[in-house]
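Participant: Provided below for reference: sequence and predicted model.
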Number of protein chains: 2
Amino acid sequence: MAKPGIPKGTRDFSPAEVYKRQYIFSTIRKNFEKFGYQPIETPSFENSETLMGKYGEEGDRLIFKILNSGDKVKKADLKSLEEGNLAKFSNSLSEKALRYDLTVPFARFVVQHQNNLEFPFKRYQIQPVWRADNPQKGRFREFYQCDADVVGSKSLWQEIELVQLYDSVFADLKLEGVTIKINNRKILSGIAEVIGASDKLIDFTVALDKLDKMGEDGVKSEMLAKGISAEAIQKVQPLFSFSGNLNEKIEQLSILLSASEEGKKGVEELQFICENVEKLGLKSATIDLDVTLARGLNYYTGAIFEVSAPKNIAMGSIGGGGRYDDLTGIFGLKNMSGVGISFGLDRIYLVLEELSLFPETVTVGTKALFFNFGDAEAFYAMKTISMLRDLDIPVEMFPDKAKMDKQFKHAEKKNIPFAIMAGNSEIAEGKFTVKNLLSGEKETVDFNGLEQLLKNI
Amino acid sequence: MAKPGIPKGTRDFSPAEVYKRQYIFSTIRKNFEKFGYQPIETPSFENSETLMGKYGEEGDRLIFKILNSGDKVKKADLKSLEEGNLAKFSNSLSEKALRYDLTVPFARFVVQHQNNLEFPFKRYQIQPVWRADNPQKGRFREFYQCDADVVGSKSLWQEIELVQLYDSVFADLKLEGVTIKINNRKILSGIAEVIGASDKLIDFTVALDKLDKMGEDGVKSEMLAKGISAEAIQKVQPLFSFSGNLNEKIEQLSILLSASEEGKKGVEELQFICENVEKLGLKSATIDLDVTLARGLNYYTGAIFEVSAPKNIAMGSIGGGGRYDDLTGIFGLKNMSGVGISFGLDRIYLVLEELSLFPETVTVGTKALFFNFGDAEAFYAMKTISMLRDLDIPVEMFPDKAKMDKQFKHAEKKNIPFAIMAGNSEIAEGKFTVKNLLSGEKETVDFNGLEQLLKNI
């Protein structure tokens, strides 16, 4: 029999890994709730029509489809297979698909339950999503998304609060040096207007983003090569020496975009958000304006966020989000503005691991292993164990009578700090011999002494 | 556009429902960890060969298969489709399937990672599973399983501990009147031996289970109708007047099965478990012997558990489990005895709901809504909100400037207990007007007063 494995792009998680992931999840969840976001959950699979066509052609291709059960496969559209229309053939075999992200299911949820929801509706959702992507380092076919969104209000205080939420989570995780980059879709539109080439906007921002690496001349050559005119480049010359603090940058943008109504609106929004974030203060993160930030360009309509790991860590963004003015329009509910952010669990995990920021206590299982010397001793141990567990102290007993050596090794391998031994003489006196497996120290205590010892670690 | 929906047999969960489910999950998880079980997680989908053939023919039919992506569907086995072999046709289109339970993935995990695991290995797993079952009341196509298992030891202390674990969880959930029914596969084998008809064992236990409803004569007629001889029935006559306390029942069984080596072994095991459970004491549940208990007969080899809800609640079992001597044999690792239990989340939820046992605090979101009277007031509110959140007090602000009435309604609908208002005069004095939305009381306090007020709810 071949040794069993798991599908590529998926993962098993060991206890230590689950504990560490739970540490991140619970830190995020605690902050979501502190900020007034409430949890919802949606099914792992949705009706295909809910998902298909929402993520572009590439997205459709990456959606995992569930094969119809039983007799339904008889409806296979063999004609499409013959004609090489594999997508149509696949669709004839499937009515359901695994969710691809949490945003579309959330939009579906809001529309479906709109009459039972109180708006503005602040929801968070921490669930896995699936993508038939080519797996590579750090990219999986099954991974968790952690999203907080609010729908039903255009108030910019929500953007301010979401920046604080990022800051609060990373402060709690003790991850210092995080930068929350902010931009605004309307500023990008303004730039497009000024350079007179909205179809070249992405080429423009991609090139501008390389300023550090390529220098001004290099970037300009790339822009020219992409068909952006010298005249247009001239008009946005200030972006090549874009510097100073946040306020100074905003000031420069304001002048640059003075001819664009939409651009001016974007600058105003940005200014309101940044000013208030700075006046309210951040605990650990830094906020910075990045005019090249354009993620999900066709999707966001206002603020755009992206979070960078500390500069000394080679890692892409560890979070992102923004405002989308028509979240639920795809399901027929108009005028529902939404704004939200997402945390990249897997990357945050790697960053915390690299910086050794997981608290040591996170992976500790039980606090003591009671040795097993036979049924009478085991009974004495189990009586004590029950009392300790009732005091919320996690402890366990080696299930079998075994050599001391074997039981010591078991405790060590499981990273259990104390070994507790009670034979005839201890039992007669109601005592316990306790060995600290780190220091090697041994002492004999009564139940109260044992309780104190275990409580204090 | 049609109003969007979700696939049949699946569910959306509202914030109140998620909070209540999390309350059950976290109670179970806390106890799992207190008893020394450690979490693992496995992928939502496994390679098909890992799952297929492990749950019988019916099980295979109920496994959700994932359609191969892209070009791979070209390999559709059209000949099988023509021949009406739909299972084979389906298999030609799919290499992966959603997990059907947590036990088979756990066995796969143990075999795959055997060299990195310390045995006995105590693991818990709380994850969803999927079954293409016909949905009906209380039966879903996606639902969570909560399992604790230990592999690598035959010690009966583990069975004892698992009974305590059930008791501890239900005591924490304040669910009184739970019965933990116990039986042993070897006792069932013993009975089969005594009646001389092992192929009729299930018919026998099913009929015997109706003793309360049908009376002795009714049950005997059913047994005769099923082909169990009068002579055989005579041999197990004591089972028809099986009564007394646990020890007395065990005594009767011991006599009844004295001719069967395996039966005697079963009685011995049962006796050891029950005796120690009773001597150690249970906090809230009752343990009882049920010789008709035969769940998963082909699977369990030793103890069998099933938990019944309190008698006044019409609900099937809310948990079950047992010992299986060859858990990992299906993946080629022999001699790995395992024993485990499972909690039925959805049914436990319904029971707690019916008995109003969810703590009221479970569904409370934030503790206060700060009203929004414009940007200056909102800034003052946000400053205060940040300070409260830093003290771990969840509060929120209405994002838009709006009429008082609208903001009051928002707080009420969201079940938020306090409304906090600060206009010009409060701001000038550094104060807050607080309205208790339950009592209608209003008072004006400074920040410390506010903190005290909100901390105390």
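Facilitator: Ah, there it is.

Participant: Thought B:Gly365 was touching A:Gln38, still the case?
Facilitator: Yes - contact criterion CB atoms under 8 Å: A:Gln38 and B:Gly365 qualify, at 5.4 Å. Placement of C-beta: from N, CA and C, glycine included.

Participant: if I look at those two, which residues touch both of them?
Facilitator: Listed as contacting both A:Gln38 and B:Gly365 by CB atoms under 8 Å, 6 or more residues apart in numbering or on different chains are B:Pro15.

Participant: how about the CA coordinates for the least confident helix or strand in chain A by mean pLDDT, as CSV?
Facilitator: In chain A, the helix or strand scored least confidently by mean pLDDT, DSSP states H and E is helix A:201-208, which has a mean of 85. What follows is helix A:201-208 as a C-alpha-only set of coordinates in CSV (Å, rounded to 0.1, in the frame of the first residue of the first chain):
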residue,chain,number,x,y,z
LEU,A,201,-3.2,54.0,-15.9
ILE,A,202,-2.0,50.6,-14.8
ASP,A,203,1.1,50.9,-17.0
PHE,A,204,1.7,54.2,-15.4
THR,A,205,1.4,53.1,-11.8
VAL,A,206,3.4,49.9,-12.4
ALA,A,207,6.2,51.9,-13.9
LEU,A,208,6.1,54.6,-11.2
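
Participant: which other residues reach it?
Facilitator: Applying CB under 8 Å, 6+ apart, the set of residues contacting helix A:201-208 is A:188, A:191-192, A:195, A:197, A:219, A:222-223, A:226-228, A:239, A:291-294, A:297.

Participant: And for stretch A:57-75?
Facilitator: Against stretch A:57-75 from outside (CB under 8 Å, 6+ apart): A:45, A:48, A:51-53, A:55, A:87, A:90-98, A:100, A:130-133, A:141, B:45, B:61-62, B:64-67, B:69-70, B:81, B:86, B:89-90, B:93-94, B:98, B:132.

Participant: Please name the nearest non-neighbouring residue to A:Ile179.
Facilitator: Rather than Ile, residue A:179 is Thr. Nearest residue to A:Thr179 in three dimensions, chain neighbours excluded: A:Ser308, at 4.6 Å (CB to CB, 6 or more residues apart in numbering or on different chains).

Participant: Tell me who's in contact with that neighbour.
Facilitator: A:Ser308 neighbours (CB under 8 Å, 6+ apart): A:178-179, A:181, A:317-318.

Participant: likewise A:Ala285?
Facilitator: Contacts of A:Ala285 (CB under 8 Å, 6+ apart): A:166-167, A:170-171, A:178-180, A:307.

Participant: so what pLDDT did it get?
Facilitator: We have a pLDDT of 97 for A:Ala285.

Participant: what about the closest residue to chain B within the stretch 51-200 of chain A, how many neighbours?
Facilitator: Residue of the stretch 51-200 of chain A nearest chain B, by CB to the nearest CB: A:Ser155 (3.6 Å). By other CB atoms under 10 Å in any protein chain shown, 22 other residues sit near A:Ser155.

Participant: picking that back up, put the buried members of the contacts of stretch A:57-75 into a ChimeraX selection.
Facilitator: Selection of the buried residues among the contacts of stretch A:57-75 in ChimeraX, burial being defined by 16 or more other CB atoms under 10 Å in any protein chain shown:
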select /A:45,48,51,52,55,90,91,92,93,94,95,96,97,98,100,130,131,132,141 /B:45,62,64,65,66,67,69,81,86,89,90,93,94,98,132
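
Participant: mind listing which of the contacts of stretch A:57-75 are in helices?
Facilitator: Among the contacts of stretch A:57-75, the members found in helices (DSSP state H) are A:48, A:51, A:87, A:90-92, B:61-62, B:81, B:86, B:89-90.

Participant: returning to that earlier point: bridged to the residue nearest to A:Thr179, which residues?
Facilitator: A:Ser308 has the following beta-bridge partners by DSSP bridges: A:Thr179, A:Ser317.

Participant: measure it to A:Leu175 for me?
Facilitator: 11 Å (CB to CB, to the nearest Å).

Participant: what does A:Ala107 give?
Facilitator: With CB to CB as the criterion, A:Ala107 and A:Leu175 are 31 Å apart.

Participant: residues contacting the nearest residue to A:Met382 once chain neighbours are set aside?
Facilitator: Distances taken as CB to CB, 6+ apart put B:Leu280 closest to A:Met382, at 5.9 Å, once the chain neighbours are dropped. For B:Leu280, the contact set (CB under 8 Å, 6+ apart) comprises A:379, A:382-383, A:386, B:160, B:164.

Participant: Would you format those residues as TSV with pLDDT included?
Facilitator: Output for the contacts of B:Leu280, formatted as TSV (pLDDT from 0 to 100):
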residue	pLDDT
A:Phe379	98
A:Met382	98
A:Lys383	98
A:Ser386	97
B:Ile160	98
B:Gln164	98
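
Participant: of these, buried ones?
Facilitator: By 16+ other CB under 10 Å, the contacts of B:Leu280 give A:379, A:382, A:386, B:160, B:164 as buried.

Participant: Neighbours of A:Lys265, how many?
Facilitator: 17.

Participant: brain fart, A:Gly244
Facilitator: A:Gly244: 11 neighbours (other CB under 10 Å).

Participant: Could you look up the SS state of it?
Facilitator: coil (DSSP: H, G, I helix; E, B strand; the rest coil).

Participant: Distance-wise, check the residue nearest to it when sequence neighbours are not counted relative to chain B.
Facilitator: With sequence-adjacent residues excluded and distances taken as CB to CB, 6+ apart, A:Gly244 is closest to A:Gln252, at 7.4 Å. Counting by CB to the nearest CB, to the nearest Å, the gap from A:Gln252 to chain B is 25 Å.

Participant: Touching, A:Gln252 and A:Val236? I think so.
Facilitator: No - contact criterion CB under 8 Å: A:Gln252 and A:Val236 do not qualify, at 10.7 Å.

Participant: and the stretch 101-250 of chain A, which residues reach chain B?
Facilitator: A:108-109, A:111-113, A:116, A:118, A:120, A:122-123, A:128, A:130, A:132, A:142, A:150, A:153-155, A:157-158, A:160-161, A:164, A:168 (CB under 8 Å from any CB of the partner chain).

Participant: same thing but at 6 Å, please
Facilitator: Residues of the stretch 101-250 of chain A lying close to chain B by CB under 6 Å from any CB of the partner chain are A:108-109, A:111-112, A:118, A:120, A:132, A:142, A:153, A:155, A:157-158.

Participant: Inside helices: which ones of these?
Facilitator: Per DSSP H, these map to helices at A:108-109, A:111-112, A:157-158.

Participant: which one of the contacts of A:Ala285 has the most neighbours?
Facilitator: A:Phe170 (28 neighbours).
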